[in-house]
Every structure is written in structure tokens, then in C-alpha cells.
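Chemist: Mind looking at a prediction? Sequence and model below.
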Amino acid sequence: MVVEAHQLFLPKPPFSSPSFPSPPPHFSSFLFHPSSLSLALFHSDSSISLYSSFSPFSISSFPPPQTTLPPPISAAAFLLLRNPNPITLFLISSPISGGSAVLYRFYILNSARKSFTPAKVVCNHSDFKFDESKFGVVFGVSHGVSVKLVADVNVFALYSISNGKVWVFAVKHLGGEELKLMKYAVIDCSLPVFSISVSFGVLILGEDNGVRVFPLRPLVKGKVKKERGANKKSLNGGLEKDKMEIKKLPLRNGMIHGINAEISAADGSKLMELKFPSNGVLDERVENRTESAKLRSVRLRQDSREGIANFVAFKNKDDNFESIKIPVKSAKAIGIQALSSTRFLILDSEGNLHLLFLATSVHGSETPYSMKQLTHNMKVRKLTVLPDSSTRAQTVWISDALHTVHMIAVTDMDASVNQTDCKDPAEKLVQTSVVQAIFSSEKVQEIAALSANTILLLGQGSMFAYAIS
């Protein structure tokens, strides 16, 4: 096995004052977007440098960034739009008006220019207002001390610690450099949230002693197509065979991924019962509606018994829905990474890794989700992986946030053609093995997988790229 290593010298902060000597370059973190090969470097002054078509093995030092974003920036995420051609967005949030509101700014990747350009945003919700002077959307809620921002295909979510809420949004490309922003759901959080993830049509909140899983389908309002003489509706722009029978109106939500569910109003009365087969990912055409009810965002509680969420504990518990009794020194779910559409890696605050299983079909199942702890010999602090549903063995990169990085293989030893044959996915035999160990001369701040066998590592004063072959 051959290891290729390459060191990159970090650039100076783009917004440093010329009247004072420039301090040594310091970066707190970075984001890498594999689909577009885009890199976002987070400077210590909360500014960001953006690079497109980033290739670490072809350069020895960073060139001037194609796009620089001034401080203050509180959170950021790459967002991929598919409608139908893929478009890469970079989204940032900032506090404005003394922290009494949140400013969203969207940047579209221009592949020809190899740079990100500001996007104009159309929004018709009362909480949103596009500010021409700031070229961003003012979201009328308190920013507070800290926010978390995560994104997936067509969807992103914001968690505000001060507000104790998670907002779910969708974005649509209207053409050129114009976008449409839609708010779909608000989750009132009565319990602490330590991490958040949106991937493969699933929203996951990291909590005390486990995670809470929300399918995104019920949070997104689908298209309603009226048919005379029939009591049937079609959702989400006509996905094949996606039908439902409405018992009571009005329609508020979209599809659920293979789940039978009852949607309730705020007063507890049942609005409807939904029955769907398992199908697909979140449809980017959800807003292309000819005849539909008025757009309203869904509101639900984090720990509601009547909701669609499932709490999955690190240790087995009987109740998947209600908040379980937490011991004083319970582990917190501080990191969430998707391996595939049905498997997620969860990192807890004690440095342990857990494998979360999502059943491929939960029709009639009382345990649609389950969890098992993986065996490894490192107290993990950093975790990165590229999702891949096509292989049994997947490469995962872990680090102790000191000087060591391990490349491990996670293999499903009981993989079968029909995964629904196993009543409890956590009973499957999963093997983990260390494939390669990397020792860094600098303390590890952040890691990101460029591919299954390539990793990018941020040290104290340099960035390193490693390729295993």
C-alpha cells in the first residue's frame, strides 16, 4: 500500500488590516464539496475564502481565492440543487441588527468563471425579506449566540440554540442567478441538540444518549392535483404510483418514505391518514403546482408522541417516540455522517462510534430504526466519510484531533439482496478494520474525505492531502 502526501501552505487572511503586521495565517475549519470540488476556508476572523475546482495535489500553495466573503459569518454549508441540471450553491448565515435577525446570503457557482456569484432570492413568506443593500434574505428571528447550518439536495436546515428551534427550508432555481426560498417546517426543541444532519431525505438531531430521526417527506408540502369524481390526490409532481387516500382535509404535507402516518393539527385533531410505498428522494419540483392549497409551514415538537420522529438510543430502550430518561453522565451525539441512505455513523462525546440503521421499508415494522456500537481502538474526535450505497465495504476516516488519522473499512458481513429479511438490522454482523494509519506533524483541526481513498487535513499552519493506493 502506497501513501502519497502533499503539503499546502495556507494563505493570509483576505481582510487583514494593511496598517498592522499580518498575523500568521490561522484557520478554524473548512468545508469541501466533492460534487463540485469546491473548498471553503474559514478564517479566524470569521471570513471565508472560496475555491472552485480545487485540486490539492497539483499546487504547492493556495492561489488567491476566486471569492472572498467578509465577516461576520456564523455558519455555512454547500447546497446542491437538482432541477434537473445540478447547481452548486454556497449558503452563509450572519447576525444582523445586533443579533435580532439572521441574514442568509446565497452564492451560485459559475463553472465557466470558476467563481461564486451572489444570487437574488425571491421569497413570499412573512418571515423573509430580501435586502437589496446586503444582497441577502433577512430572516426575522433572533440569531442568538450560535446557529448550526446543514444542507443536502434542494433542502437545508438551521438550528438556533437561543431560540430552541430547527427550521427546514427548500430552495429552487428560477433561472440565471435567481433563487426561490421556501420555509416548510419548524421544530420546537425542548431538549438540547448537539449536532444536526440532513442527508438522503432524513433530518437527524444529535441528543443526549442517542439521535432523533425525522423523515423529511412529512415536513415538505406536496403537490395536490384535484380529480373530479374521485377521492384521490397525487403528490410531488407526479412521481410514479405515489397515490394517497384522503380521509380529511386540508392537505399540509408531502410524501413519507415508505411510512404509514397520521398527520394531526395543532389542537390534536387528525387531519388525514397517509399511506405510501417507499420511493425516491425529495422532489425538486415540489413547488411546481397548478392547483394546491396555500403554502403553510408545518410546526411540530421535538419530543411529541404524535409526531413522526423516532428517538434511537445508544443503549436499547423500549420507547422509540418519547424522550427517554437520561442518566446524569450520558454520552451526547456530537457528530453525524451518512454512509448510505440506510446507514449513518454517529459519533458520541466519549469518542465512540455507533452505526444507525434505517430500515429500507418500515411498513408494519415496530422498529424502523436501530443502533449498534462499533469496535475501534481510538477515542474519536473527528469523523469524515463519502456516502456510497453501491458497496458492502465503505471507507471511513477518523482522528483523535491530535496527530493521528486512521483509515478504516466498515463492512456489512451479512449483506443480502433483500435487506427486509432481517427484522432487526442491528443484528447484522458489521466488521471494522484499520486499513492505514497516518501521523501528522501538526495537530489535526479538521478532516474531510475527497474520495474513498483521499483525505484533506487541516493542521495548525498547513493543509495536507493524503492519497492511499
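Modeler: Okay, I see it.

Chemist: The helix or strand where Tyr107 lies - contacts with which helices or strands?
Modeler: Following DSSP states H and E, one finds Tyr107 within strand 101-110. Helices and strands touching strand 101-110, as assessed by 3 or more Cβ pairs under 8 Å, 6 or more residues apart in numbering; DSSP states H and E, comprise strand 67-69, strand 86-96, strand 115-118, strand 136-139, strand 178-188. C-betas here are computed from N, CA, C, even on glycine.

Chemist: report the angle between the axes of it and strand 178-188?
Modeler: 140 degrees (axes from the mean of the first three to the mean of the last three Cα atoms, to 10 degrees).

Chemist: List the contacts of Ala77.
Modeler: Residues near Ala77 by Cβ atoms under 8 Å, 6 or more residues apart in numbering: 31, 90-91, 149-151, 156.

Chemist: Just send those residues back as TSV, with distance to Met371, secondary structure and neighbour count too.
Modeler: Formatted as TSV, these follow (distance: Cβ to Cβ, whole Å; DSSP: H, G, I helix; E, B strand; the rest coil; neighbours: other Cβ atoms under 10 Å):
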residue	distance to Met371	secondary structure	neighbour count
Leu31	27	strand	17
Phe90	33	strand	26
Leu91	30	strand	20
Leu149	26	strand	20
Val150	20	strand	21
Ala151	25	strand	22
Phe156	26	strand	23
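
Chemist: Just send these back as TSV, with pLDDT too.
Modeler: Converted to TSV, those look like this (pLDDT from 0 to 100):
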residue	pLDDT
Leu31	97
Phe90	98
Leu91	98
Leu149	97
Val150	97
Ala151	97
Phe156	97
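
Chemist: Nearest to Ser304 among those residues?
Modeler: Val150 (21.7 Å; Cβ to Cβ).

Chemist: so what's the closest one up against?
Modeler: 77, 156-157, 196-198.

Chemist: among those, which are in strands?
Modeler: Of those, the ones assigned to strands by DSSP state E are 77, 156-157, 196-198.

Chemist: got a pLDDT number for the residue most central in space within the chain?
Modeler: By Cα atoms, centre = their mean, the chain has its centre lying nearest to Val198, at 3.0 Å. Looking at Val198, its pLDDT reads 96.

Chemist: Show me what it bridges to in the sheet.
Modeler: Leu203 (DSSP bridges).

Chemist: thinking it is in contact with Leu149, fair?
Modeler: No: Val198 sits out of contact with Leu149 when judged by Cβ atoms under 8 Å, with a separation of 9.9 Å.

Chemist: can you list residues touching both of the two?
Modeler: Joint contacts of Val198 and Leu149 (Cβ under 8 Å, 6+ apart) are 156-157.

Chemist: Between the ones in strands among the contacts of Val150, which sits nearest Ser58?
Modeler: Relative to Ser58, the closest of the ones in strands among the contacts of Val150 is Ala77; by Cβ to Cβ it sits at 26.2 Å.

Chemist: Leaving out the residues flanking it, which one is nearest to that closest one?
Modeler: Ala151 (4.1 Å; Cβ to Cβ, 6 or more residues apart in numbering).

Chemist: thought that neighbour was touching Leu91?
Modeler: Yes: judged on Cβ under 8 Å, Ala151 makes contact with Leu91 at a distance of 6.4 Å.

Chemist: distance between the ends of stretch 141-152?
Modeler: Stretch 141-152 has an end-to-end distance of 23 Å (Cα to Cα, to the nearest Å).

Chemist: pLDDT below threshold where in the stretch 351-469 of the chain?
Modeler: Scanning the stretch 351-469 of the chain with the threshold set as pLDDT under 70 gives 360-367, 413-428.

Chemist: What are the boundaries of the helices in it?
Modeler: Ranges of helices in the stretch 351-469 of the chain, per DSSP state H, counting those that start in this stretch: none exist.

Chemist: which residues are in contact with both of Ala151 and Leu91?
Modeler: With Cβ under 8 Å, 6+ apart as the test, Ala151 and Leu91 both reach 77-79.

Chemist: for the record, mean pLDDT for the strand holding Tyr107?
Modeler: pLDDT averaged over strand 101-110 gives 96.

Chemist: Alpha carbons only: can I get it in PDB?
Modeler: Provided in PDB are the C-alpha atoms of strand 101-110 (Å, rounded to 0.1, in the frame of the first residue of the first chain):
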ATOM      1  CA  ALA A 101     -32.300  38.800  13.000                       C
ATOM      2  CA  VAL A 102     -30.500  36.300  10.700                       C
ATOM      3  CA  LEU A 103     -29.100  37.200   7.300                       C
ATOM      4  CA  TYR A 104     -29.000  34.500   4.600                       C
ATOM      5  CA  ARG A 105     -26.700  35.000   1.600                       C
ATOM      6  CA  PHE A 106     -26.600  32.600  -1.300                       C
ATOM      7  CA  TYR A 107     -23.800  32.200  -3.900                       C
ATOM      8  CA  ILE A 108     -24.100  30.300  -7.100                       C
ATOM      9  CA  LEU A 109     -21.100  28.500  -8.600                       C
ATOM     10  CA  ASN A 110     -20.300  29.800 -12.100                       C
END
